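Peer 1: Here's my sequence, what's the structure:
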Amino acid sequence: MQNSFVTFDRENLILTVHFGVKGDLVIHKEDLFISYFSGGPGGQNVNRHQNGVRLIYTIPPSYRRYAVRTQELIARSIAERNQHQNLLLAFGQLAKKLHDYFYTPPFRKKTKVSRRSKEKRLETKKHQSSKKQTRQKVELS
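Peer 2: I've put the predicted structure just below:
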């Protein structure tokens, strides 16, 4: 998975969060707490196969945002039958959560309405007004 903010290297299992001028936050597989569990509702195979994957990433104190209270991001996947595919899906979920946690939309600069557009709007209003004036009943005196 790759977007302009978070990059995921599938081969080496490395997530990179790009901050632009501030640098990058690189998250290796070793930085995560990975646990495996059996998914689904019980049954005979539940004790033999552990296909579900849970990734827990503790955000370093220097990167924690003041407005957000969470210090850990958790991603889990039991969608596939294969443990490795679930691991890749969980990494994708974690990348999305990292994007949601760190991304701030660019600040919109307020702009003024141009003089020509104001004039055009008023001209249109006058035209509509005159149209409606002609529709009124005429008084015969």
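Peer 1: Mind telling me what element the most centrally placed residue in the chain is part of?
Peer 2: The residue lying closest to the centre of the chain (C-alpha atoms, centre = their mean) is Asp100, at 4.1 Å. Using DSSP states H and E, Asp100 maps to helix 83-102.
Peer 1: Please compute how far whichever helix or strand comes after that helix lies from its chain's middle.
Peer 2: Per DSSP H and E, the first helix or strand lying C-terminal to helix 83-102 is helix 115-135. Centre-to-centre, helix 115-135 and its host chain are 43 Å apart (C-alpha atoms, centre = their mean, to the nearest Å).
Peer 1: Can you read off the backbone torsions of Ser62?
Peer 2: Main-chain dihedrals, Ser62, degrees, to the nearest 10: phi -70, psi -20.
Peer 1: quick one: Gln83 and Asn51 touch, right?
Peer 2: Yes: between Gln83 and Asn51 there is a contact at 5.0 Å, judged by C-beta atoms under 8 Å. Every residue, glycine included, has its C-beta placed from N, CA and C.
Peer 1: which one of those two has more residues nearby?
Peer 2: Just comparing Gln83 and Asn51: by other C-beta atoms under 10 Å the higher neighbour count belongs to Asn51, 21 against 14.
Peer 1: isn't the more buried one right up against Arg76?
Peer 2: No: judged on C-beta under 8 Å, Asn51 makes no contact with Arg76 at a distance of 11.5 Å.
Peer 1: Describe which strands the one helix or strand Val26 maps to pairs with in its sheet and in which direction.
Peer 2: Taking DSSP H and E as the criterion, the element that holds Val26 is strand 24-27. Sheet pairing for strand 24-27, assigned by DSSP bridges, gives strand 14-18 (antiparallel).
Peer 1: For the strand it pairs with, list the C-alpha coordinates in CSV.
Peer 2: Written as CSV, here are the backbone C-alpha positions of strand 14-18 (Å, rounded to 0.1, in the frame of the first residue of the first chain):
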residue,chain,number,x,y,z
ILE,A,14,8.4,-1.8,6.9
LEU,A,15,6.0,1.1,7.3
THR,A,16,7.2,4.7,6.6
VAL,A,17,5.3,7.8,7.6
HIS,A,18,6.5,10.8,5.6
